[in-house]
Structure formats: C-alpha cells, structure tokens
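Engineer: Predicted coordinates and the sequence they were generated for:
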Amino acid sequence: MSGQAAAPPPTGGARVEVIGLDAGYGRRPALSAVRFTVAAGGWLGIIGPNGSGKSTLLRSVLGLHPHEGQVRIDGLPLTGMPRRDRARLLAYAPQLPVLPEGISTRDYVLLGRTPHRPLLAAPRRVDREVVADVMGRLELDGLADRAVVTLSGGEQQRAVLARALAQQPRVLLLDEPTAALDLGHAQQVLDLLDRLRRQDGLTVVSTLHDLTLAGQYAERLTLLAEGRVVAEGSPAEVLTAAVLSEHYGARARIVPGPHGPAVLPVRGA
Ligand SMILES: Nc1ncnc2c1ncn2[C@@H]1O[C@H](COP(=O)(O)OP(=O)(O)OP(=O)(O)O)[C@@H](O)[C@H]1O
C-alpha cells in the first residue's frame with residue numbers, strides 16, 4: 001500500500017447522532033430504540049452476533065431502509081436532505097456490493113466522484129487525481145484497467161472502499177470492510193482508515209465481525225443483540241468474557257494490549 005501518494009484534500013468529519021431508531025422487515029422488528037453518537041473524527045464499531053441488526057442499522061442510517069427515529073449529521077436531520085448533498089456527507093461500502101458489468105476498476109472508482117461533479121460533465125483533473133490517489137493507497141493501480149467484476153473477492157472489496165473514499169465523504173459507513181481480506185490487507189485497510197480519521201478527521205462507523213480488529217481499531221463499540229443496544233463503551237469496557245458469553249454464546253479469553261483488547265477464542269472441554 002503506497003504511503004507516497006498525496007493525501008486527498010481534507011474534508012473534516014462530522015458528528016453522527018442516531019436517536020430512537022426503529023426498523024423492521026414487514027411486521028418483524030429488526031431494530032428497537034437504537035441510539036448512538038459518534039464524534040467528528042471518531043470511529044464507532046458496531047458489533048453483535050449474526051442477525052442482530054448491524055447491516056439493517058447501517059442501511060437505515062443511510063436512508064436505504066425505512067425506519068423511524070432520527071439520524072442527524074452535525075445536528076442536521078438527514079430526512080429530506082437532497083440526495084447529492086447526502087452523498088457528499090456520507091459514503092457507504094456495503095457487505096455484498098453489486099458491481100456493474102463492463103466497467104473498468106478505474107471507472108468504477110471514478111463513480112465515487114459523481115456527487116462532486118457537474119451533472120453529465122466529463123471527469124475533471126481533480127477527479128482523476130483523487131481516484132489515482134485512493135487507488136494507489138489501496139494497491140489497486142495494477143488492476144485499474146481490469147473489468148471490476150473480474151477482480152477477486154478481496155480486490156473487489158478494496159475497489160468498493162476506494163469508490164467510497166473517492167467520494168471524499170465526511171462520514172464513512174462500512175459494512176464488514178475486512179470480511180474478504182487476508183490478514184495483511186485487513187490491517188492495511190484499517191490502518192489507512194485510521195490515518196484518514198486522524199489526519200483529515202473522517203468519521204468512521206463500521207460493522208466488524210472480527211472482535212480483535214474491532215477492539216484494536218474502533219475507539220468506541222456498540223454491541224447489538226436482537227436489534228437492541230446491549231452494551232456500549234470503549235473496547236475494553238465492551239469486550240469482556242462475560243459479555244461475549246452472554247450475547248454470543250462464546251468462550252473467549254480477553255488479552256489486553258496497548259491498542260485495545262484482543263479476543264482469543266477458547267475451545268471447550
Ligand atoms: N430482506 C430481508 N427480509 C426479511 N428479513 C430480513 C431481511 N434482511 C435481514 N433480515 C432479518 O433482519 C435481522 C437483522 O439482519 P441484519 O442483516 O441486519 O443482521 P446482521 O447483524 O447484519 O447479520 P450478520 O452478522 O449475519 O451479517 C435478521 O433476523 C435477518 O434475518
């Protein structure tokens with residue numbers, strides 16, 4: 001991953017507030033009274049067992065899933081905000097993206113510039129520069145001319161993240177950003193997000209299944225179980241053996257470290 005490329009222009013993060021969020025599928029509730037706040041430049045990890053509502057929560061915050069309750073960015077309600085304004089504030093990298101056929105990786109990443117470009121205008125120099133920068137940072141240079149659908153799962157995941165970063169949002173919402181990545185690429189992607197957060201003040205909200213990565217990179221964690229917030233706080237406060245036993249039915253040992261706790265699964269008798 002190149003550390004040489006010029007940083008994208010700082011955009012500054014935004015504070016995210018979610019208040020009393022309810023959502024469901026048909027009559028079945030998936031989220032009940034969910035509430036969280038992330039400071040500008042903060043990193044909130046949303047964790048929880050399978051089916052606890054993490055993806056539904058991200059999609060509701062984005063306005064992609066019907067919900068009740070409020071989502072405010074720097075105090076402004078998202079409801080009713082024009083789509084283009086919203087896209088300049090928030091970018092989203094879904095867990096299972098549907099990638100367009102017949103488009104190169106470079107042109108796919110360029111789609112992230114859409115909210116910043118005049119409608120139907122050709123990409124400007126600044127758009128190409130931002131795209132080249134994020135592709136360099138995510139080691140996608142060698143794949144720029146390949147059809148994006150032909151990339152491997154992990155390469156596609158990095159392309160989706162590159163598109164979201166090319167959008168230069170103030171808040172980045174990531175659904176399992178490391179799920180398809182090997183350990184080295186997972187750490188590189190999370191290190192990059194951490195740098196963007198610290199240098200440019202980008203606000204990050206991400207779901208993460210890997211609790212050790214969640215414990216080491218997120219500043220705060222919100223634990224969902226059956227659609228409700230059951231624990232929140234610093235990683236050391238949330239990632240305890242008792243909490244993991246109660247909500248995941250898991251046996252684990254917690255290993256404290258300088259950057260947060262690591263979670264070591266322990267085999268039963
Ligand atoms: N399209 C859908 N139709 C009906 N129910 C759905 C749909 N999508 C999700 N659900 C249900 O809503 C609940 C929350 O799902 P969600 O995908 O948000 O959980 P999650 O925490 O992201 O899960 P995972 O960790 O397995 O990705 C689950 O019970 C799930 O079965």
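Structural biologist: Everything's here; your move.
Engineer: alpha carbons only for contacts and neighbour counts from here, please
Structural biologist: OK.
Engineer: mind listing the helices for this structure?
Structural biologist: For the chain, the helices defined by DSSP state H occupy 54-61, 83-89, 105-110, 125-137, 153-166, 183-200, 211-217, 235-238, 241-248.
Engineer: Nearest to Leu223 among those helices would be which one?
Structural biologist: Taking C-alpha to C-alpha, helix 235-238 is the member of these nearest to Leu223, at 7.5 Å.
Engineer: Remind me what that closest one packs against, helices and strands.
Structural biologist: Contact analysis of helix 235-238 by 3 or more C-alpha pairs under 8 Å, 6 or more residues apart in numbering; DSSP states H and E lists helix 211-217, strand 220-225 as its packing neighbours.
Engineer: Same list, these, but as CSV with mean pLDDT please.
Structural biologist: Below are the helices and strands packed on helix 235-238 laid out as CSV (pLDDT from 0 to 100):
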stretch, mean pLDDT
helix 211-217, 96
strand 220-225, 98
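Engineer: out of the ones you listed, deepest packed?
Structural biologist: Comparing the helices and strands packed on helix 235-238 by mean neighbour count (mean count of other C-alpha atoms under 10 Å), strand 220-225 comes out on top with a mean of 24.
Engineer: what's in contact with that one?
Structural biologist: 36, 43-49, 52-54, 214, 229-235, 238, 247 (C-alpha atoms under 8 Å, 6 or more residues apart in numbering).
Engineer: what lines up beside that strand in the sheet?
Structural biologist: strand 43-47 (parallel), strand 228-233 (antiparallel) (DSSP bridges).
Engineer: Now mean pLDDT, distance to the ligand and mean neighbour count too, for those strands, in JSON lines please.
Structural biologist: Below are the strands paired with strand 220-225 laid out as JSON lines (pLDDT from 0 to 100; distance: least, C-alpha to the nearest ligand atom, whole Å; neighbours: other C-alpha atoms under 10 Å):
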{"stretch": "strand 43-47", "mean pLDDT": "98", "distance to the ligand": "8", "mean neighbour count": "26"}
{"stretch": "strand 228-233", "mean pLDDT": "97", "distance to the ligand": "11", "mean neighbour count": "18"}
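Engineer: And for Leu173, the neighbour number?
Structural biologist: 23 (other C-alpha atoms under 10 Å).
Engineer: Tell me the spacing between it and Ala236.
Structural biologist: Using C-alpha to C-alpha, to the nearest Å, Leu173 is found at 23 Å from Ala236.
Engineer: And Leu138, by the same measure?
Structural biologist: Leu138 is 30 Å from Ala236, by C-alpha to C-alpha.
Engineer: go on, Leu120?
Structural biologist: Leu120 is 49 Å from Ala236, by C-alpha to C-alpha.
Engineer: again, but for Asp200
Structural biologist: Asp200 is 26 Å from Ala236, by C-alpha to C-alpha.
Engineer: pLDDT at Arg198, what is it?
Structural biologist: Here the pLDDT value assigned to Arg198 is 89.
Engineer: need the contact list for it.
Structural biologist: Gly41.
Engineer: on that earlier part again, now the strands paired with strand 220-225 in CSV, please, with extra columns for distance to Ile103.
Structural biologist: Output for those, formatted as CSV (distance: least, C-alpha to C-alpha, whole Å):
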stretch, distance to Ile103
strand 43-47, 32
strand 228-233, 40
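Engineer: what's the closest of those strands to Ala30?
Structural biologist: strand 228-233 (8.6 Å).
Engineer: can you list contacts of the closest one?
Structural biologist: Leu31, Ser32, Ala33, Val34, Arg35, Ser52, Arg220, Leu221, Thr222, Leu223, Leu224, Val238.
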